[in-house]
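# Model the structure of this input:
(one chain, ligands or ions: 2)
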Amino acid sequence: MIDLRAVRKVYPVKGGAEVVALDDVTLHVDKGAIHGIVGQSGAGKSTLIRCLTALERPTEGRITVDGVDLSTVRGRELLRARRNIGMVFQAANLLEARTAAANVGYPLKLAGVSRQETERRVEELLSLVGLAGRGDSYPSQLSGGQRQRVGIARALADTPAVLLCDEPTSALDSESTRQILSLLRHVRDVAGVTVLIITHEMSVVREICDSVTLLGHGRVIQSGKVDDVVTDPTSPLARELVPVPHVDDVHIPEAMTLLDVMFTSRPGVPTGANVLRLAASLGADVTAGTFESLATSQVGRLALSVPTIHKDQIIAQLKANNVHVQERNL
Ligand SMILES: Nc1ncnc2c1ncn2[C@@H]1O[C@H](COP(=O)(O)OP(=O)(O)OP(=O)(O)O)[C@@H](O)[C@H]1O
Ligand SMILES: [Mg+2]
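Ligands and ions are numbered 1, 2, ... in the order given. Below is the predicted model of the structure:
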């Protein structure tokens, strides 16, 4: 659905120097997938989104959305391609002087859709985002989460194939964040829309993304299905998604060694329980740990303190049970 081939974006800067915002970015997002883009400030995330909305053109490379090559379309075709791409922003950017219904219907009005058809569609959209009956409310009468719902309904008005979201939840509290994420998943499920989410919150990726890309200095550092990237314990995204537990303030006795352990399992397969049982039977103590349930797998990371004299046997036993082990250098 979204395809980037060797995309490079260079911004000229005064004085003849230049900034390479995107460098050889190749990326594919399947139809109906929810794909996260993560990376530090300045990594090129917003540049990527601007290129996808065709507000900017790549310096080199090709961008295809829903079969349309954005790098070459012009005029009327470009407008049509843009209508196929919905945008959701960090702040909903609503028209404050218009009701929720008028905000949602605004893109349809611009597109010349009849009043009757617009009213029907607006009602349908408000109900989709859980705001049935709130069409007459003004933005100032809505909560942050509700405003974002209006923003999502507006982005969907033209029945786009793709929804691009730039930090859609970073201005919301945790409860509203959960609701908006579950709404985005619902929208994907019922409307079949492909969703690209830029976020700095790893919890967003853990909660709803099927696949994820880590950008760094304009380049793709890692990309893949969430389930695949987390099961590679040493990969940068696995460390971001399920961080190694902190043991900074923990006193580890002289005769003990700290092991970093990671395991993955499918729901219903008690790998976590087995690892804990194995650790206990080997005389290991759990110093710290994290456990995350992702879409279709569970990932645990433990810091185990083990008697140094039995370290090698314990490592061998854990490895024999498909558990990833690494000694922590303190
Ligand atoms: N219009 C522009 N002119 C010149 N340089 C730009 C322009 N837009 C972005 N850049 C530069 O391109 C790089 C990528 O910027 P971008 O805004 O895409 O980062 P980002 O990943 O969205 O960061 P953040 O998380 O802070 O929003 C940065 O070095 C930035 O300074
Ligand atoms: Mg940005």
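# partners of the helix or strand where G61 lies, with directions?
Counting by DSSP states H and E, the element that carries G61 is strand 60-65. Using DSSP bridges, strand 60-65 pairs in its sheet with strand 2-12 (antiparallel), strand 68-69 (antiparallel).
# Could you report the neighbour count for the residue in the stretch 1-150 of the chain positioned nearest to ligand 2?
Minimum separation of the stretch 1-150 of the chain from ligand 2 (CB to the ion) falls at S46, amounting to 3.1 Å. Quick note: C-beta positions are derived from backbone N, CA and C, even for glycine. Number of residues near S46 (other CB atoms under 10 Å) recorded here: 15.
# before we move on, what about P236?
14.
# show me the residues around it that make contact.
Contacts for P236 (CB atoms under 8 Å, 6 or more residues apart in numbering) come out as L214, I221, Q222.
# Any quick PyMOL command for the buried ones out of those residues?
In PyMOL, a selection of the buried entries from these looks like this (16 or more other CB atoms under 10 Å):
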select buried, resi 214+222
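# about what we covered before: closest to H200 out of the strands paired with strand 60-65?
With respect to H200, and counting by CB to CB, the nearest of the strands paired with strand 60-65 is strand 2-12 at 20.4 Å.
# Now tell me what touches that closest one from outside.
Contact with strand 2-12 is made by 18-29, 35, 44, 47-48, 51-52, 56, 58-65, 162, 194, 196, 218, as judged by CB under 8 Å, 6+ apart.
# ok, 6 Å please
Contact with strand 2-12 is made by 18-29, 47, 58-65, as judged by CB atoms under 6 Å, 6 or more residues apart in numbering.
# Would you mind putting the CA coordinates of that strand into CSV?
Provided in CSV are the C-alpha atoms of strand 2-12 (Å, rounded to 0.1, in the frame of the first residue of the first chain):
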residue,chain,number,x,y,z
ILE,A,2,2.9,2.4,0.9
ASP,A,3,6.1,1.9,-0.9
LEU,A,4,9.3,3.9,-0.7
ARG,A,5,12.3,3.1,-2.9
ALA,A,6,15.7,4.6,-2.1
VAL,A,7,14.2,7.9,-1.0
ARG,A,8,16.6,10.7,-0.4
LYS,A,9,15.6,14.2,0.8
VAL,A,10,18.1,16.9,0.9
TYR,A,11,17.3,20.4,2.2
PRO,A,12,19.5,23.2,1.1
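# ok, then the element right after that strand?
On the C-terminal side of strand 2-12, the closest following helix or strand by DSSP H and E is strand 18-29.
# ok but I252 is inside a strand, no?
No - I252 sits outside any strand when classified using DSSP: H, G, I helix; E, B strand; the rest coil, being coil.
# Distance check, it against L259.
11 Å (CB to CB, to the nearest Å).
# So for those two, which residue has more residues nearby?
Using other CB under 10 Å as the criterion, I252 and L259 rank with L259 on top: 22 against 15.
# Checking my notes, the more buried one in a strand, right?
Yes - L259 forms part of a strand when assessed by three-state DSSP.
# which non-adjacent residue is nearest the residue of the stretch 1-150 of the chain closest to ligand 2?
Closest residue to S46 apart from its sequence neighbours, by CB to CB, 6 or more residues apart in numbering: D166 at 6.5 Å.
# Could you find the closest non-adjacent residue to V7?
Take V7 and drop its neighbours on the chain: the residue closest to it by CB to CB, 6+ apart is G61, 3.6 Å away.
# how about the host helix or strand of A238: buried residues?
Assessed by DSSP H and E, A238 sits inside helix 236-241. By neighbour count on 16+ other CB under 10 Å, the buried set for helix 236-241 is L237, A238, E240, L241.
# contacting residues for the third one?
E240 makes contacts with M202, as judged by CB under 6 Å, 6+ apart.
# And it, how close does it get to P107?
For E240, the distance to P107 - CB to CB - is 35 Å.
# ditto for the first one
Taking CB to CB as the criterion, L237 is separated from P107 by 35 Å.
# same deal with P58?
Computed with CB to CB, the distance linking P58 and P107 is 26 Å.
# just how off-centre is the helix holding A238 within its chain?
Chain-centre distance of helix 236-241: 13 Å, with CA atoms, centre = their mean, to the nearest Å.
# from what I can see the residue nearest to S46 touches I197, true?
No - in this structure, D166 is not within contact of I197 by CB atoms under 6 Å, at 8.4 Å.
# give me the number of residues near K311?
The burial count for K311: 17, using other CB under 10 Å.
# If we ignore the residues flanking it in sequence, what's nearest it?
In space, K311 is closest to T257, 4.9 Å off (CB to CB, 6+ apart).
# partners of the one you found in the sheet?
V306.
# residues contacting it?
V306, T308, K311.
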